[in-house]
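Novice: One predicted model, sequence on top.
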Amino acid sequence: MPTTPHPRTQVRPGTITVFSDLWCSFAHVAIHRLHTTRARLGLESVVRLDHRAFPLELFNDGPSPRPGTDSEVGGVAHLEPDAGWQLWRASDWTYPSSTMPALEAVQLAKEQGLDVAERLDLALRRAFWAQSLSIGTRAVVLRVAGETPGVDVGAIADGLDDGRARGRVTADFHCAKEHGVVCSPHLYLPDGTDYPNPGVEARWHGRYGRGFPQIISDDPTVYTEILRRAAGVIEPVSAVAQVGDK
């Protein structure tokens, strides 16, 4: 169910603001569903995704443990098998200790347009979850960017090298803490409603990295409502003020 966000959060009409991390399995499900549902509804030219960083390593003061993400493949992948999944198959020492370079690259791609950032974000998620690529390294991030249609990889490389996107990622981190972004993914819509981990209820058995996730319920149809709200097809349910530009 949608909730009412902090009144300072604003989203442009025709846009869904998505706070997430790239190595979050629930976000991988959500992004896949946003793309596929948008295409099914014919809203690809109407609704854009504005990716904001929810850097779990900053929230957790450390990297995501590989046993945690491996357990999520077994517990979460069945929700959307076509999103692309596999247990980590590359060498152990190549497992990424950070997603910051990848998160920064997506923010840099937004300089080329939200549509470009969408494509790079999706490509980086698939690179990690489906191809076991170390998206914490500059070389891999640039390789993925170079293979993604419409991305100016030179501009991404320049931005990674001059460091200007690190501040944007950390600003998103502070914004998420200040305004009550509760998880990855958390979606915000122009009508003031917001959806944490849309349609999915889950619980963890044991500590993350040692236990495993259990899906309690799943309602993928909520994405039809989300996309239609963002497109203005469903009437707004609140008069909450519209999250401004960073």
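Specialist: Structure's in. What do you need?

Novice: make it CA atoms for all contacts and neighbour counts henceforth
Specialist: Fine.

Novice: so Glu201 sits in a strand?
Specialist: Yes: the assignment for Glu201 by DSSP: H, G, I helix; E, B strand; the rest coil puts it in a strand.

Novice: tell me the contacts of it?
Specialist: 215-218 (CA atoms under 8 Å, 6 or more residues apart in numbering).

Novice: As a check, name the ranges of all strands in this protein.
Specialist: The residue ranges that make up the strands of the chain, judged by DSSP state E, are 15-20, 48-53, 186-188, 194-196, 200-205, 212-218.

Novice: relative orientation of the last one and strand 200-205 in degrees?
Specialist: For strand 212-218 against strand 200-205, the angle by axes from the mean of the first three to the mean of the last three CA atoms, to 10 degrees is 150 degrees.

Novice: So which bits of strand 212-218 are buried?
Specialist: Within strand 212-218, the residues that count as buried by 16 or more other CA atoms under 10 Å are 212-213.

Novice: Please name every helix or strand in contact with it.
Specialist: When contacts are defined as 3 or more CA pairs under 8 Å, 6 or more residues apart in numbering; DSSP states H and E, strand 212-218 sits against helix 66-76, strand 200-205.

Novice: For Leu43, find the nearest of the ones you listed.
Specialist: Distances from Leu43 to each of these were compared using CA to CA; the shortest belongs to strand 200-205, at 23.0 Å.

Novice: so Gly75 touches Gly211, yeah?
Specialist: No: taking contact to mean CA atoms under 8 Å, the distance of 10.6 Å between Gly75 and Gly211 leaves them out of contact.

Novice: so which of the contacts of Glu201 comes closest to Gly199?
Specialist: Of all these, the one with the least separation from Gly199 (CA to CA) is Asp218, at 5.4 Å.

Novice: Can you tell me the closest non-neighbouring residue to the closest one?
Specialist: Val200 (4.5 Å; CA to CA, 6 or more residues apart in numbering).

Novice: Out of the helices and strands packed on strand 212-218, flag the one nearest Gly42.
Specialist: Nearest of the helices and strands packed on strand 212-218 to Gly42, taken as CA to CA: strand 200-205 at 24.1 Å.

Novice: Parallel or antiparallel, list what pairs with the closest one.
Specialist: Using DSSP bridges, the strands paired with strand 200-205 are strand 212-218 (antiparallel).

Novice: Now do the partner strand: everything it contacts.
Specialist: In this structure, residues lying in contact with strand 212-218 by CA under 8 Å, 6+ apart are 68, 71-72, 75-76, 79, 199-206.

Novice: shouldn't Ile31 be in contact with Leu122?
Specialist: Yes: with contact defined as CA under 8 Å, Ile31 and Leu122 form a contacting pair (7.4 Å).

Novice: more crowded one of these two?
Specialist: Residue environment comparison for Ile31 versus Leu122 gives the larger neighbour count to Ile31, 21 against 18, counting by other CA atoms under 10 Å.

Novice: So Met100 versus Leu56, what's the distance?
Specialist: Distance of Met100 to Leu56, computed by CA to CA, to the nearest Å: 10 Å.

Novice: Tyr223 too?
Specialist: Distance of Tyr223 to Leu56, computed by CA to CA: 24 Å.

Novice: Same check on Ala165?
Specialist: Counting by CA to CA, the separation of Ala165 from Leu56 is 17 Å.

Novice: Same check on Arg125?
Specialist: For Arg125, the distance to Leu56 under the criterion CA to CA works out to 15 Å.
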